[in-house]
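Participant: following is a predicted model, sequence given first.
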Amino acid sequence: MKITRNILLNPGPATTTDTVKLAQAVPDICPREKEFGDLMEFCSVEITKFVGDPNEYTTVLFGGSGTATVEAILNSVVPANGKILILDNGAYGKRMCQITEIYKIDTIVFKSSSIEPIDLASLEATIASNKDLTHLAMIHHETTTGLLNDISAVGKLCDKYQLSFVVDSMSGFAAIPVDMKAMNIDYLAASSNKNIQGMAGIGFAICNKKALERTKEIPPRSLYLNLYAQYAYFEKTHQTRFTPPVQTFYALKQAIVETKKETIKKRYERYSKSWETLLDGLERLGLEYLIDREHHSRIITSIIEPESDKYDFDEMHDFFYERGFTIYPGKVNDYDTFRISNIGQIDYRDMEAFLKVLKEYLKKIGHLDQVTA
Ligand SMILES: Cc1ncc(COP(=O)(O)O)c(C=O)c1O
């Protein structure tokens, strides 16, 4: 079967291999069968191994998008007398704040620039002056802008002040290396449709087992999105409490096999080469980007929109879409941007092809009149 290859330059769901797509076509199976339990166990253990030792860490799987998993972690791990600091430097940090507000979890928000690195001294001063803090949560890679947050440095602060550390690595996991133990991370959220290059529908909460066991006594704030209940039920039965996205799990298994084969290191190198190709091209075409190279995730680039009366994002989107490329709007309030991601089963040659179409579009709107490209 021939499947059209679309180049997705949005930050996930990403372009996948045909083998991942086709892995979903399997004989019908009831997810309560042992065979399916083994498949979920394989996914859980192998996902854990990308970031930690399965003897000390475990991956709890949820049917749902990435946000469901972030919500499950946040509502499940902070006790009634606990208090969490959330670092907000973009839309996803803000989303964490919305979640704890809904669950009425005692929260303080540490706001940080959406384009500059975190001021660690100021963060430490805030932590030190809030003696009742028990948890700290932040985003690894802020997909809003492409800013890579220094989770290692914040992990050290969490160790120093004995805070349980929650990281949303939705758009970092499986590309940007993470070592949960070395970084003092207790809970890491990720999902099946970004750098792991699977299909959308499964969220991963990778947990420090000891920390997770301690949440057993916290009265559940949610039935479906309770971390400990999901973990304990799977440990006991080898099943999820509610219907899992069956075929998506087969695709995930294949995506894991392919990630192990490529290795995370090489995957990040492939992504980085596409990203460098993109940035070099943008510079040639006279377009500016928000985050400087040093603090960039190399995963998604926020590009300042061209100055032309004829520019219109939707029209540009359609221009690309007709030519096989999907691009993404911007998400930062203070800047007019659009975003190009370089994750998924694509490489620098796809980025070169994209740049040719971008050049065509820029010519069409008159942006290239002043630029020699
Ligand atoms: C850092 C981060 N957190 C959370 C999410 C939300 O994931 P989902 O859209 O799968 O709920 C995203 C999605 O792009 C993300 O980049």
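Facilitator: Yep, that arrived.
Participant: just the pLDDT for the closest residue to the ligand within the stretch 251-373 of the chain.
Facilitator: The nearest approach of the stretch 251-373 of the chain to the ligand comes at Ile300, 8.5 Å away (Cβ to the nearest ligand atom). The C-beta positions use only the backbone N, C-alpha and C, and glycine is treated the same way. On pLDDT, Ile300 comes in at 97.
Participant: what bridges to it?
Facilitator: Ile300 has these beta-bridge partners by DSSP bridges: Ser341.
Participant: for it, what are its contacts?
Facilitator: For Ile300, the contact set (Cβ atoms under 8 Å, 6 or more residues apart in numbering) comprises Pro11, His141, Thr143, Gly146, Ser171, Arg339, Ile340, Ser341, Asn342, Ile343.
Participant: other SSEs contacting the helix or strand of the chain with the lowest mean pLDDT?
Facilitator: In the chain, no helix or strand scores lower on mean pLDDT, DSSP states H and E than strand 328-329, which sits at a mean of 92. Here strand 328-329 touches strand 337-341, going by 3 or more Cβ pairs under 8 Å, 6 or more residues apart in numbering; DSSP states H and E.
Participant: follow-up on the earlier one: pick the one among the contacts of Ile300 closest to Gln239.
Facilitator: Taking Cβ to Cβ as the measure, Gln239 sits nearest to Ser171 out of the contacts of Ile300, at 29.6 Å.
Participant: count the neighbours of the closest one for me.
Facilitator: The number of residues packed around Ser171, counting by other Cβ atoms under 10 Å, is 28.
Participant: can you pull out the helices in the stretch 151-300 of the chain?
Facilitator: All helices of the stretch 151-300 of the chain, identified by DSSP state H, counting those that start in this stretch, fall at 151-160, 209-214, 227-237, 246-262, 264-284.
Participant: okay, and the closest residue to Leu368 other than its chain neighbours sits in which element?
Facilitator: Spatial nearest neighbour of Leu368, excluding adjacent residues (Cβ to Cβ, 6 or more residues apart in numbering): Leu362 at 4.8 Å. For Leu362, the host element (DSSP states H and E) is helix 348-364.
Participant: hmm, who's touching that helix?
Facilitator: Here helix 348-364 makes contact (Cβ under 8 Å, 6+ apart) with 7, 9, 273-278, 281, 285, 287, 306, 310, 316, 319-320, 323, 325, 340, 342, 368, 371, 373.
Participant: quick one: average confidence on it?
Facilitator: For helix 348-364, the mean pLDDT works out to 97.
Participant: what do you get for stretch 92-109?
Facilitator: Here stretch 92-109 scores 98 as its mean pLDDT.
Participant: for the stretch 151-300 of the chain, which residues are neighbours of the ligand?
Facilitator: Applying Cβ under 6 Å from any ligand atom, one finds that the stretch 151-300 of the chain approaches the ligand through Asp168, Met170, Ser171, Ser191.
Participant: apply 8 Å and report the result again.
Facilitator: For the stretch 151-300 of the chain, the residues in contact with the ligand (Cβ under 8 Å from any ligand atom) are Asp168, Ser169, Met170, Ser171, Gly172, Ala189, Ser191, Asn193, Lys194, Ala200, Gly203.
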